[in-house]
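# below are the sequence and a predicted model for it; my questions follow.
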Number of protein chains: 4
Amino acid sequence: MTSSTRPQAEPRSAYKVFRDIGTRWSDNDVYGHINNVVYYSWFDTAVNGLLIERGALDLHSTKPGSMIGLVVETQCNYFAPLTFPEPVVAGIRVAHIGSSSVRYEVALFPGDEDQPCAAKGHFVHVYVDRATRRPAPLLPQLLAVLETLT
Amino acid sequence: MTSSTRPQAEPRSAYKVFRDIGTRWSDNDVYGHINNVVYYSWFDTAVNGLLIERGALDLHSTKPGSMIGLVVETQCNYFAPLTFPEPVVAGIRVAHIGSSSVRYEVALFPGDEDQPCAAKGHFVHVYVDRATRRPAPLLPQLLAVLETLT
Amino acid sequence: MTSSTRPQAEPRSAYKVFRDIGTRWSDNDVYGHINNVVYYSWFDTAVNGLLIERGALDLHSTKPGSMIGLVVETQCNYFAPLTFPEPVVAGIRVAHIGSSSVRYEVALFPGDEDQPCAAKGHFVHVYVDRATRRPAPLLPQLLAVLETLT
Amino acid sequence: MTSSTRPQAEPRSAYKVFRDIGTRWSDNDVYGHINNVVYYSWFDTAVNGLLIERGALDLHSTKPGSMIGLVVETQCNYFAPLTFPEPVVAGIRVAHIGSSSVRYEVALFPGDEDQPCAAKGHFVHVYVDRATRRPAPLLPQLLAVLETLT
């Protein structure tokens, strides 16, 4: 990979919405820093928490036509270690909105606001009907939230 | 178990120090509420986070004489469900200080301050020399923190 | 606690059914051994996996009258460390069957069959109607499995 | 993304070494299938477990010159759901060996040997001196294992 294509850490200003993440004892692995896997649980937490709070996802809905997002791709680059118990902030933006899919990009920042992200990545949600698990067009209340993230 | 000995939910006033816990998407299990196991990761997080912040535990210390707490017993009773993405508050108190052991009691509260705890439990730390893993007397900086929790 | 009441490690012969547990990288915490919390995820896994395999629990059933077990109490004592990547075996027995509750006791054994358990504990399931979440009498197919565990 | 570049599920024959993964109750999320994050914990588990068993990684070594692998990039594509308690098999291959880095590719297969992988991805390890955390040339015992994976 040449340096021109190598992923680079970004500042907070490159993201649209921010969510506090509380780190946990179990996030640190045997090497003394937060394990690479944990970052993805923060991706899920930051984005789904936002969607739920803004009324675009109802975790317990069983109404006909209710939709959920299934993850079909995830990716992350790691630039610097993070460590419990330091606080972490997740920055979110939306990079692509398809007919039934969305690409969310998430970066994890240390508490110091001047520092670039310690890691960044993305995941792709395909939105499906909760009952049939078939892809379906994005609902208006989801689109309304997504517009604030682009 | 008779009702007189059955564990009862307690109010926040029964605890000494409080720590915010950020819930996560992965905390909810297939039944739609936070899994019983997760509560114990919050016990570890609340108590060790407090000890680290107050200088009574250094996660990365390799100095001779540095000590760590090993868990020899844990227990929890569950009174009401908790669910991501609602916020949770951990209340902490110390019920017993031995020569090299401490019993920490932790309760998990929903965001509404008037509600009793959704779960409560305890764990027992035996403090050992980090290198030899042999029990050793509690260090002064730990005792100073514990005094604020009794 | 006197030595007569202190929990003691037990041999495999004290348990009825055994389930292999695959340890994971993330099970080890910063101290280099499996974290105390992880043992409870093995309790859930061993017992629920057994119930599902034997037809006493259907994870995805939405049929009227289908039941699930909610955890109201958990407890564990730790006698010796376990460490990824060593294999672990869970031993299961049932200590009490109530009208709508069951006390499962689980011990975790290292790979060497002659060694006593590294930890043991219990959890109490209250069985409830999946839709109403109200306690209900244990179903015949569950009772049939429980009989083999007492 | 055109169909020619879209990641495709592969058969077991595309991988070199296989490791059994025991699924857990907590792997299933609120949607009833294994959460996307969990797959990465299996990547770590499969590869590091193999390296430890074959003598190429010592989790607890503090000897001068001992090395550990730090993760700088991870990625995964998901083709079909996996669900606890079904067994999962991880297939491993090595796609690139650099001077101090390795790209491991891992696929997760359902129990049925004729099925293609349910997910596949990769992670990049940069190997560093455990004490200094500076990149260092791959050690002979690691290279010997890697050769069997290419």
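Thanks, I have the structure now.
# for chain A, what lies in contact range of chain C?
A:25-26, A:28-30, A:32, A:35, A:37 (Cβ under 8 Å from any Cβ of the partner chain). Glycine gets a C-beta too; all of them are placed from N, C-alpha and C.
# report the buried members of the residues you listed.
A:25-26, A:28-30, A:35, A:37 (16 or more other Cβ atoms under 10 Å in any protein chain shown).
# let's see the pLDDT reported for the residue most central in space within chain A.
In chain A, the centroid-proximal residue (Cα atoms, centre = their mean) is A:F43; its distance is 3.2 Å. Note on A:F43: pLDDT of 98.
# and A:A95, by the same measure?
According to the predicted model, the pLDDT of A:A95 comes to 98.
# is it true that it touches A:H122?
Yes: with contact defined as Cβ atoms under 8 Å, A:A95 counts as touching A:H122 (6.8 Å).
# can you verify my assumption that the residue nearest to the centre of chain A contacts A:K120?
No: counting by Cβ under 8 Å, A:K120 is not a contact partner of A:F43; they are 10.0 Å apart.
# close to chain D, is the strand or helix carrying A:D20?
In this structure, A:D20 is located in strand A:17-21 according to DSSP states H and E. No: against chain D, strand A:17-21 shows no contacts by Cβ under 8 Å from any Cβ, the least distance being 13.9 Å.
# what strands flank that strand, and is each parallel or antiparallel?
Sheet pairing of strand A:17-21 (DSSP bridges) gives strand A:88-97 (antiparallel).
# how far does the partner strand sit from its chain's centre?
6 Å (Cα atoms, centre = their mean, to the nearest Å).
# helices of chain A, start to end?
A:36-53, A:140-147 (DSSP state H).
# now for the longest one, which elements pack on it?
It stands for helix A:36-53. strand A:17-21, strand A:67-78, strand A:88-97, strand A:101-110, strand A:119-129, helix A:140-147, helix D:36-53 (3 or more Cβ pairs under 8 Å, 6 or more residues apart in numbering or on different chains; DSSP states H and E).
# mind putting the ones you listed into CSV with distance to A:V47?
Listed next are these as CSV, based on distance: least, Cβ to Cβ, whole Å:
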stretch, distance to A:V47
strand A:17-21, 9
strand A:67-78, 8
strand A:88-97, 6
strand A:101-110, 5
strand A:119-129, 8
helix A:140-147, 10
helix D:36-53, 12
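# quick check: end-to-end length of stretch A:133-150?
By Cα to Cα, to the nearest Å, the extent of stretch A:133-150 from end to end equals 26 Å.
# mind listing what's buried in it?
The neighbour-count check on stretch A:133-150 (16+ other Cβ under 10 Å) flags A:135-136, A:138, A:142, A:145-146, A:149 as buried.
# chain center to it, what's the gap?
Using Cα atoms, centre = their mean, the offset of stretch A:133-150 from its chain centre is 15 Å.
# touching it from outside, list them.
A:16-17, A:50-51, A:54-57, A:67, A:70, A:92-95, A:97, A:99-102, A:104, A:126-129 (Cβ atoms under 8 Å, 6 or more residues apart in numbering or on different chains).
# do that again at 10 Å, thanks
Outside stretch A:133-150, the residues that touch it by Cβ atoms under 10 Å, 6 or more residues apart in numbering or on different chains are A:15-17, A:47, A:50-51, A:53-58, A:65-70, A:92-102, A:104-105, A:125-130, D:31, D:33, D:81.
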